[in-house]
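*Asks:* Show me how the following folds:
(chains A, B, C and D)
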4 protein chains.
Amino acid sequence: MTTPLRVAMVGHAFMGAAHSHAWRTAPRFFDLPLAPELAVVVGRDADRAAAAADRLGWAASATDWREVITRDDVDLVDVCTPGDTHAEIAIAALEAGKHVLCEKPLANSVAEAEAMADAAARAAERGVFAMVGFTYRRVPAIALARQLVADGRIGQVRHVRAAYLQDWIADPQAPMSWRLEADKAGSGALGDIGAHVVDLTQHILGEQITGVAATLETFVKERPLPSAAGSLSGTAGEGTGTVTVDDAALFLARFSGGALATFEATRFALGRKNAIRIEVNGSAGSLAFDFEDMNTLHFFDGADPDETAGFRRIVVTEPGHPYVGHWWPAGHGLGYEHGFTHQVVDLVGALAAGEQPTPSFADGLAVQRVLDTVQRSSAAGSAWTPVTL
Amino acid sequence: MTTPLRVAMVGHAFMGAAHSHAWRTAPRFFDLPLAPELAVVVGRDADRAAAAADRLGWAASATDWREVITRDDVDLVDVCTPGDTHAEIAIAALEAGKHVLCEKPLANSVAEAEAMADAAARAAERGVFAMVGFTYRRVPAIALARQLVADGRIGQVRHVRAAYLQDWIADPQAPMSWRLEADKAGSGALGDIGAHVVDLTQHILGEQITGVAATLETFVKERPLPSAAGSLSGTAGEGTGTVTVDDAALFLARFSGGALATFEATRFALGRKNAIRIEVNGSAGSLAFDFEDMNTLHFFDGADPDETAGFRRIVVTEPGHPYVGHWWPAGHGLGYEHGFTHQVVDLVGALAAGEQPTPSFADGLAVQRVLDTVQRSSAAGSAWTPVTL
Amino acid sequence: MTTPLRVAMVGHAFMGAAHSHAWRTAPRFFDLPLAPELAVVVGRDADRAAAAADRLGWAASATDWREVITRDDVDLVDVCTPGDTHAEIAIAALEAGKHVLCEKPLANSVAEAEAMADAAARAAERGVFAMVGFTYRRVPAIALARQLVADGRIGQVRHVRAAYLQDWIADPQAPMSWRLEADKAGSGALGDIGAHVVDLTQHILGEQITGVAATLETFVKERPLPSAAGSLSGTAGEGTGTVTVDDAALFLARFSGGALATFEATRFALGRKNAIRIEVNGSAGSLAFDFEDMNTLHFFDGADPDETAGFRRIVVTEPGHPYVGHWWPAGHGLGYEHGFTHQVVDLVGALAAGEQPTPSFADGLAVQRVLDTVQRSSAAGSAWTPVTL
Amino acid sequence: MTTPLRVAMVGHAFMGAAHSHAWRTAPRFFDLPLAPELAVVVGRDADRAAAAADRLGWAASATDWREVITRDDVDLVDVCTPGDTHAEIAIAALEAGKHVLCEKPLANSVAEAEAMADAAARAAERGVFAMVGFTYRRVPAIALARQLVADGRIGQVRHVRAAYLQDWIADPQAPMSWRLEADKAGSGALGDIGAHVVDLTQHILGEQITGVAATLETFVKERPLPSAAGSLSGTAGEGTGTVTVDDAALFLARFSGGALATFEATRFALGRKNAIRIEVNGSAGSLAFDFEDMNTLHFFDGADPDETAGFRRIVVTEPGHPYVGHWWPAGHGLGYEHGFTHQVVDLVGALAAGEQPTPSFADGLAVQRVLDTVQRSSAAGSAWTPVTL
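*Replies:* Next up is the predicted model:
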């Protein structure tokens, strides 16, 4: 009988649905060394939490996360709340001896992220582990990209170009939401989506960003208030609110191995819905990825003779590709939520082995420091600003 | 409290895993009028069936499908066995008053398919319904394609080109499997994958194929026997077996509305893993789809001025697209198995409404008749052969 | 001083412009062993011929091709007239001892083509050579495709899929033109564009088509007469005319090496302007080409490990690619007319060497026989019909 | 009889071949109001100049450009020499009363470019005109992009991302060339290829870049000397030389209308041969272009309903597209050199009309100022630096 891993999830919106699906699904396709139990979901409103438990498959619901994280029958706390609450919940859970999976971005500030990383380091000494949810790392094509870099197939990396393009507020009449308020969201496109491409490129290269020159912009500074409790696709109501976060973040960067990079995160790229684009050029090969075609990785092998060289469109659905062998036959693509399932697989595997799962809170802090440096460079007239490591 | 829909699934291999996932997942993302219960899974070997129940999330397992389909606590029988057993199981289940979901192809012969369609018609009079599992109909891009045709955006259809390209036996040393034996599989590429593009094109156009000129081919007639119980990716053992099905099927066809078509189904298209390609050209617009990029539909609108006309790459992940609004925000793609979940959603909806779900067994029979006509035309030196309607 | 090659061109419409450009341009980018001289252009109307000479760069103009082809100061006759005049002009020129370059299709019937091939064979014995203008052979990506097949990189060819898709008469109101009249054009889409993909696939494989099962269709049988002397893009006038050629031709085919093929030629593929698509799947590799992206060839190398295999998008602009080194640096694409220039280069090279240029009239006849077989199969209810070799 | 335009071309390497082709070809496909005559080509070495005249179609050759530009029988001087000589030749020619076409970049420094723009302004008062050769403006897809912006189809522009990616010195063993020496080339990737995307984006938007934050990098600082007089593809010899220009230039920029941009120019993007990529996102639409597929423009129309919206792949070969109607029927793509031919067409048209052709030397100066600002920002630690207008 497999030892259970009893999970409490705090928050049950978009991310809560994705995490729940992953907890339910991982053991159906992978052999897990621990058996996840969807023990309890926590939400501020009792009725909505109960409905979420029913809908998402949790055995129980609760309203007080502080109480839940001290329960003896909870092994892991899965934090799916907005960023301004991450630090308090995650630290408390770690101190209560619970493993923690925390959604990204790790926190809304470097100070919070540092406190979280410290708490995680202390907990790790007691065999209690924390992980931050940069799930795109577990898209098979991304995992393959990292592998090709690690195997030396790209050589010395010279260039990275990374962009995360969305368009959901390109219309100036799109209404306000908590994601447009600095005190709740920390930052705008930078932390919400820029964080992903910072983490992904650092992950693929196995390197750190060491400095940036940046500029942030808020194109639309006043927006209509939403007509009702807002979602990504809310409708406009009466009155206006002030946008206090960036609409777009652009920066140049250098990686620890010497590569130069352009980064862009925006919610104003009309026609691009969730285009996570990463290109890497090295002395031996090149890579290109776009999440709009997420089951594909383009790879140029510099060792091919010129006459037959070209970017290979690798359909990343072969049994030998990362994670893929547990799903369907070759050519049957995966979707967005599979990254969350793979995250559960890797997390559970690490916990069972008593090892630190990745990305750790220290990795999350590293991303946070880059985001902070971007903000400081932008405030300093785009001056090149080193990332404090 | 939602009325339950108690499901018994017969067979638990590749398709069983996909169906189980769908039964588990559909109620988590969609509001279903009946609550599916994964009651019992049936397999010939008791231990393997029990393991499958555990793995796939079924409450119980059994070895005798005849016994299971008569149980009072079963409402629907989901047939996931090889094609040579479909008729017997499905007809018995219908006669026992159970709804039936049967994997494609409906049967291995027209005679069997006719018997099944007859049984389904009789059952429908008693409010018991049957559906055949052409799940690709529920890929959102395919559903959108059908909708555009139905809305008149394509106009009078002139041309269809359809291909289903795989390469898993392109290597002559790939070993034998039941899929290469006519008595078990009925036909080869024709019934396994050709059936899908026949159904999809008829579905998208809302028309029937009325005649074909065909040729079938078996490129590799002797193959090594597998070293052990074979799978798609088995390894070669000692001795050889004779391939008694087609490796490839090619045919010209005409649709009831006058359109001309080329069809191709093959397992020898090296480098193409699961490329379901469908193109439609009409007097008002054109469509193009390739399952290798399954979240995308290409649409040419003949009403656009020449200077700004071009195939539109529609990323079919908008809230207004079929099925999509129940999943993730725009730009977050779905995968292969979502079609199965959508199939459950539509099936459950129809059953709750007391309506015939589609595709019906009559639709499955219509496909079978086309496949049969293809075989007869090929045997008759490719002579144009009308489909008996 | 390089020996001159004095050219007389008969006809000066679309093809005449392309040929003239090629004669002018070839010696500017390639070292030619003979120096082409644009001696005289022939047209029925003296004024229009004179204007064409001026416009296209010919030293003189004339109205009587019979007179021109006997002149001592003409070495080569370039036939750019409609297909119904090819045989008479080409045979007369060969008998007058002139080399001949004749546009495709070689003729409007097999009988004419046979007479031309006979005349060419007789002339060749006297060192006088004939070539037919299947210029797409000289698109660098196509030439590379042939080379990869010849080098064994594709292995045993299993599948070919070829389509030539246009849409210029998809609108039923597009007016009549000589290309829609059987007595002038011979056939419709079949001979005009289908001939190209027949030749290209035979050329790339180095094989012959041995049999076909075909169907021809005329979707729009009556069209408005043009308001004035028609061109491809004429406007409709009063009255209607009867279309006596095919709008579309579809056929299955088998190559001499055993490969199976689908072929389609149509002028009704809305949104496709000049899409020449050729795919080849073999036991060792696969190829894909589309003239809409003419500087690119997609190549799948079966020797690559599964994990890094994928269709390589070869940008065919490297110095080592066929013809390319004479033009621009890598990455600077060529256009449609470069094929004509390469044709001149290869023709002049062969003539200087006293060798038969390719494609010969015999090659053109081979294409004509396939087209004829397609028509006979279509007339015979698509029955499989062998090509007389 | 059309008035002649007698051209003297200085320099006859890569650019000289392209310009010669354009002068020869433009009057064959377009109705020009002046008749270009390829009067004389100038080179330092008499024999090589004579050979070039013969090869490229010039009536005569000469070695002293100072003498040639004063000849009465020369109307226009076409400057195709390296950048360090542009100012001297162009200014002298203008002062001698000759029209000037000068290759890009206009000069190697702002000071030189200012002197040239001044000279051009003075000459224009006398009806003598100067043009700088940013030929990519005349690629039809680029011209269409500009037109769509001007027509308001893109709306308020928010984002531009521009990259010019090559790989010809990605190999550290690629030898030295004059393009890697600052005193001859002025700068490296920045001026050679970055200049093009600066000009193209300013041209498409109809706006100026107002400020930048930049970083330049030389990845490989010592390279082998070439074995012989070097070309782009020279081979390495003995000894090494020091690279004194940038290998890559990256910068953020803002346009006068408020749009934010990332720019990248590099010769180290392995696998990218001549990838000029430009994307524009506005409030009403978006555009995307890549020179690797130069006959295509991707256009997203924000006015399309969400369900049928998508980037339209416009094949820019319709008769109504810029320049295209003079060439071939729809679907027959153009190549790299057509931009040069279109440049001649527009230049001759402007001269005949007594109007200033574009891009003017003032436009070239504007580009030079951006490049200079990039260098200053890079030297100032990437600090945001305004462009002096």
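
*Asks:* How about stretch A:358-370 and chain D, touching?
*Replies:* No: Stretch A:358-370 does not reach chain D (C-beta under 8 Å from any C-beta of the partner chain); its nearest approach is 15.7 Å. Heads up, the C-betas are built off the backbone N, CA and C, glycines and all.

*Asks:* Any idea how far that stretch is from the middle of the chain?
*Replies:* 11 Å (C-alpha atoms, centre = their mean, to the nearest Å).

*Asks:* Now for the closest residue to residue A:318 other than its chain neighbours, how many residues are close by?
*Replies:* Take residue A:318 and drop its neighbours on the chain: the residue closest to it by C-beta to C-beta, 6 or more residues apart in numbering or on different chains is residue C:306, 4.7 Å away. Neighbour count for residue C:306, taken as other C-beta atoms under 10 Å in any protein chain shown: 14.

*Asks:* Now do the same contact list for residue C:306.
*Replies:* Residue C:306 makes contacts with A:318-320, as judged by C-beta atoms under 8 Å, 6 or more residues apart in numbering or on different chains.

*Asks:* Show the buried residues in those.
*Replies:* Those of those that meet the buried threshold are residue A:318, by 16 or more other C-beta atoms under 10 Å in any protein chain shown.

*Asks:* Quick check, central residue of chain A?
*Replies:* residue A:134 (2.8 Å; C-alpha atoms, centre = their mean).

*Asks:* which ones are touching that one?
*Replies:* By C-beta under 8 Å, 6+ apart, the neighbours of residue A:134 are A:104, A:195-196, A:199-200, A:203, A:359, A:363-364, A:367.

*Asks:* Let's see the pLDDT reported for the residue nearest to residue A:318.
*Replies:* You'll see residue C:306 listed with a pLDDT of 96.

*Asks:* Quick check: phi and psi on it?
*Replies:* Residue C:306 has phi and psi values of phi -50, psi -40 when expressed as degrees, to the nearest 10.

*Asks:* Within range of chain C, give me the residues from the stretch 51-200 of chain A.
*Replies:* A:144, A:148, A:153.

*Asks:* Next, count neighbours for the second one.
*Replies:* Spelled out, it's residue A:148. The burial count for residue A:148: 23, using other C-beta under 10 Å.

*Asks:* circling back: nearest to chain B among the residues of the stretch 51-200 of chain A next to chain C?
*Replies:* Using C-beta to the nearest C-beta, residue A:144 is the member of these that sits closest to chain B, with 15.2 Å.

*Asks:* re the thing from before, give me the PyMOL select line for the contacts of residue A:134, limited to the buried ones.
*Replies:* In PyMOL, this line selects whichever of these come out buried by 16+ other C-beta under 10 Å:
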select buried, chain A and resi 104+195+196+199+200+203+359+363+364+367
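
*Asks:* Would you mind pulling up the elements that the lengthiest helix in chain A packs against?
*Replies:* Ranked by residue count, the top helix of chain A under DSSP state H comes out as helix A:361-379. For helix A:361-379, the packing partners by 3 or more C-beta pairs under 8 Å, 6 or more residues apart in numbering or on different chains; DSSP states H and E come out as helix A:110-125, strand A:130-133, helix A:195-205, strand A:209-217, strand A:248-255, strand A:385-386.

*Asks:* From the rest of the structure, what touches the fourth one?
*Replies:* Defining contact as C-beta under 8 Å, 6+ apart, one finds that strand A:209-217 is touched by A:190, A:198, A:201-202, A:246-256, A:261, A:263, A:370, A:373-375, A:377-378, A:382-387, A:389, D:213-215, D:252, D:254, D:260, D:381-382, D:384.
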